[in-house]
Every structure is written in structure tokens, then in C-alpha cells.
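Participant: Starting from these lines, generate the structure:
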Amino acid sequence: MTIDSVLAKFSDGAPVVQINQKITRKVGFVDDGRDYPLYTRYHRNTVQRDLVDQGYYVEVEGNTPKRDGYDTTEGNYAPGDLPVPESDIERLRDDLTTFGYCLVADALSEEQLSMYRARVDEQAAGERRAGVASFASADESGVATNQFLSALVNKGQCLADAVEISSRSIQKAELLDQLMEEVLGRSFICNSASAALAGPGGTPQMLHCGQSMIPKPWPPWPYECFLGFLLDDFTANNGGTLVIPGSHTILSAAGTDPIPELPPTTNVTAPAGTALIMDGRLVHGTGANRSDALRRLIILTFHKPFIRQQEQWMLTLDRDVYASASPKLKERLGFQAWHGGLGGFEGNGEGSVAPLRDDYQSIGVMTPDDHVATSTFAARSKGQYSRRMMGKMKAADKLLTRDDEIPEA
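Facilitator: As a prediction, this is how the structure comes out:
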């Protein structure tokens, strides 16, 4: 059994950190004393393997958590023990260093919150209508409950502003930008920009860290940072993001050894309009929504500029978005050459995008009224899966697809 067949596999095309086969033995790194070429013995010494061994995932058979109760958090912490929404930067810094996450109060104004809700809802409905929707999580019957939007920078000005962390669409952009730079340093870049619409009846996500791709040991600072905008109130009942407070320091302290038993989980609870910042070392995952309404979250991940991005913006960025992008947004997407190390670069630092793109067609701004053939998009391979899963979701009366028509091939 290889790491490729165990970890971070995509279930039927759904972009979600999960495992889709039964685990029958431990997968964590063990130095068996055998002779391996160069440093290959260390490539598999990852935090994610240790989290699998501790059972922080959902079994493929029955869609139930392997570790009983990791998604139920009532009584794990006393009121007042954990971060609450704050505006004072010193309190926010203290929460980040102590707990591995902080909550920025009123990051979005009421008008901005309404704008983001409307844009995300329209885009989600449009992608379902066009047959290019991505789904994640599932109920006990294997029917998807959640929708996932990716490459948000292409999907509306306010979403591009979120990636830029621009005051044009975020009232506390200056505070957020400062905190992100203090965490990651100058010239940090966007790793991915997505949104999750978590519907009722799903399962918890496998717990993971934002920088799980980096083998151990981890230094006492992060390489990656999460910035999320809550578009709905987050509660334990609707599955607000699961986190293990303080896990970021435990993982760094473990060095190359297996990580020890971790503290209990808790759900992030905060009102809509709050921003959630998480250290890339913090163990976290999407919670199970036990309410009767959607829970929506804009998910932006950023990391240090020398790390390859998950979203290859030089391929997926819409030409019109690039043409109108500010210098700050271009740099944040990785179009600006970074010269923070040895050596230099040839050319003007931005380079030419077109030769890398050919005829790639991105999924741009969409609404439910868009009647666009799936074959229009470079993401057309999603079409068969998207239509098939929508059929199952309609038959199961899932909230996301209740009023949708199944798109034609």
C-alpha cells in the first residue's frame, strides 16, 4: 500500500481531503533500518500519515469516523477557554501563537457579507447548471452533500479582491494583510482560493494541516496560512470548522518522531462576517453539518513564495482577470518573480503567460441562467461525474440540488 493509494485521494472526482479505501494497517513512518537511496526514507515521514494512524478520518465502509467522537466536541473545552472574535491586534497575535488560530471580528461589513453570499450562491448554482460542479463529503449512502468552488479569483471582482485582501471588498483588509505578513513574511503568495458550501447530512473531513505536504520536522513557525471568511454563523451544530487548539506547537515539537496523542477537537464558532486565520500547522477539517441549512465559507490559503502553488494560476487564471489585475494581485498569484534567495531571473519578472496556456478555457463568472455546454471548458472532464452525482443528490432530496435541473450532456 503506497501513500498515493492511501492519502488525499479524490473520491469520484470530488476535491476533498479524504480516504476512499479501507485502511488495514498503520501507515506512519517507521525507520526499519533498511538501506534506502539518499533521503527517500524521510519522504514519507509526514504529519498526515500520523493523523491517519490516530484515526482522524472517515471509514470508506459506512462513511463513519474511524476515531469515535473526533467530530463531536460538546464539553471538550469550557466557555472562555478558546479564541473569540477580536479586533485588537495584540489579542489576535496572542490567539494565533497560543491556539494556532484567531477570529477577526467584523472582517466584512453587512453589505460586503451580502455581496459575497450572493456571488457564491450564484456561482454555485451556475456551475451546477453547466454541469461542471464539484461535490464533496457524503451521507451514509455515499450521496454528496457539499459543493466546492475553486479558482475563485476568476469568479467575480469581490472574490478576486478577497485573494488580494483588498479594502475594496473587505473592511478589515489592512489588519488581515498585516497579520498574514507577520505569519508568512513578505511576498507571500496564494496557494488556492475556494469556497465550500456544506449541506446537511454530510460527514466530517479527514483532519489535516495546511502544510501537510511538507515532511517532518517542522520548524517553530508555519510555511502556510489559512484565511477564511464565514458567510454564515458557525456553530457546533452546523459543523463549524473542526480544530485541535495548540496542535501547531505540538507538531513542531515532535520533530521527526511520531506525533503524540493530541488534545480534543472543538468547532470554530463565530458569527457570519468573521475572518478565521489558521497557522498552517494547526490540525483542522470541515465539520459535519447537522443543521437543516447550508454553511458557507470562503477558503483562501497562502504560503511562502518559494513553495509551488496548489492552483497553477499561470494556467487557470482568466485572461481578462489578468489584464485588469493590480500589481499586488499579480504578485499574490505568483506572477512576480521572487528574488529572496540566491541568483536572479531573466526578463521583466512577470514573463509571458500565453505560451503556457494554449486554448485553456477557465470557468469564469456564472449564474443559474447560464446555458453553457460543459464541453466549453477545460474542466469538461468533470461533466459526467457532476451530472451523475447531481442525479443522486436530486433523488435523495439534498438541499443544494433541490431546485436544480440536471444539466444535459
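Participant: Alpha carbons of stretch 202-212, in PDB - could you do that?
Facilitator: The C-alpha trace of stretch 202-212 is given here as PDB (Å, rounded to 0.1, in the frame of the first residue of the first chain):
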ATOM      1  CA  GLY A 202     -22.500  15.100   5.400                       C
ATOM      2  CA  THR A 203     -19.500  13.600   7.200                       C
ATOM      3  CA  PRO A 204     -16.500  15.300   8.800                       C
ATOM      4  CA  GLN A 205     -13.500  15.800   6.700                       C
ATOM      5  CA  MET A 206     -10.300  13.900   7.400                       C
ATOM      6  CA  LEU A 207      -8.300  16.100   9.800                       C
ATOM      7  CA  HIS A 208      -5.100  17.600   8.200                       C
ATOM      8  CA  CYS A 209      -2.800  20.600   8.300                       C
ATOM      9  CA  GLY A 210      -2.500  23.200   5.600                       C
ATOM     10  CA  GLN A 211       1.200  22.400   5.200                       C
ATOM     11  CA  SER A 212       0.800  18.600   5.300                       C
END
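Participant: Give the rounded mean pLDDT of that stretch.
Facilitator: Over the span of stretch 202-212, the pLDDT mean works out to 94.
Participant: how far does it sit from the chain's center?
Facilitator: 9 Å (C-alpha atoms, centre = their mean, to the nearest Å).
Participant: same question, stretch 164-176
Facilitator: 20 Å.
Participant: If you count neighbours, what's buried in that stretch?
Facilitator: Buried residues in stretch 164-176, counted by 16 or more other C-beta atoms under 10 Å: 164-166, 169-173, 175-176. All C-beta spots, glycine's among them, are computed from the backbone N, C-alpha and C.
Participant: Quick check: end-to-end length of that stretch?
Facilitator: Stretch 164-176 stretches 11 Å from its first residue to its last (C-alpha to C-alpha, to the nearest Å).
Participant: Would you reformat the buried residues of stretch 164-176 as TSV and include secondary structure?
Facilitator: Output for the buried residues of stretch 164-176, formatted as TSV (DSSP: H, G, I helix; E, B strand; the rest coil):
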residue	secondary structure
Glu164	helix
Ile165	coil
Ser166	coil
Ser169	coil
Ile170	coil
Gln171	coil
Lys172	coil
Ala173	helix
Leu175	helix
Leu176	helix
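Participant: nearest to Leu317, of these?
Facilitator: Of all the buried residues of stretch 164-176, Glu164 has the smallest distance to Leu317: 12.9 Å, by C-beta to C-beta.
Participant: Contacts only, for the closest one.
Facilitator: 326, 328-329, 332 (C-beta atoms under 8 Å, 6 or more residues apart in numbering).
Participant: Thr301 now?
Facilitator: Going by C-beta under 8 Å, 6+ apart, the list of residues near Thr301 reads 190-193, 210, 224-227, 280, 310.
Participant: For whichever strand or helix holds Asn191, enumerate the helices and strands it packs against.
Facilitator: Using DSSP states H and E, Asn191 maps to strand 189-198. On a contact count with 3 or more C-beta pairs under 8 Å, 6 or more residues apart in numbering; DSSP states H and E, strand 189-198 meets helix 110-130, strand 146-149, helix 157-164, strand 295-303, helix 327-332.
Participant: Show the subsequent helix or strand relative to that strand.
Facilitator: strand 224-230.
Participant: doesn't Phe229 make contact with Arg296?
Facilitator: No. Judged on C-beta atoms under 8 Å, Arg296 makes no contact with Phe229 at a distance of 9.2 Å.
Participant: Those two: which has the busier surroundings?
Facilitator: Phe229 (26 against 21; other C-beta atoms under 10 Å).
Participant: quick one, strands of the stretch 251-400 of the chain?
Facilitator: Using DSSP state E, counting those that start in this stretch, the strands of the stretch 251-400 of the chain run over 266-267, 275-279, 284-285, 295-303.
Participant: could you dump those strands to TSV with mean pLDDT and distance to Asn154?
Facilitator: Converted to TSV, these look like this (pLDDT from 0 to 100; distance: least, C-beta to C-beta, whole Å):
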stretch	mean pLDDT	distance to Asn154
strand 266-267	98	31
strand 275-279	99	22
strand 284-285	98	26
strand 295-303	99	14
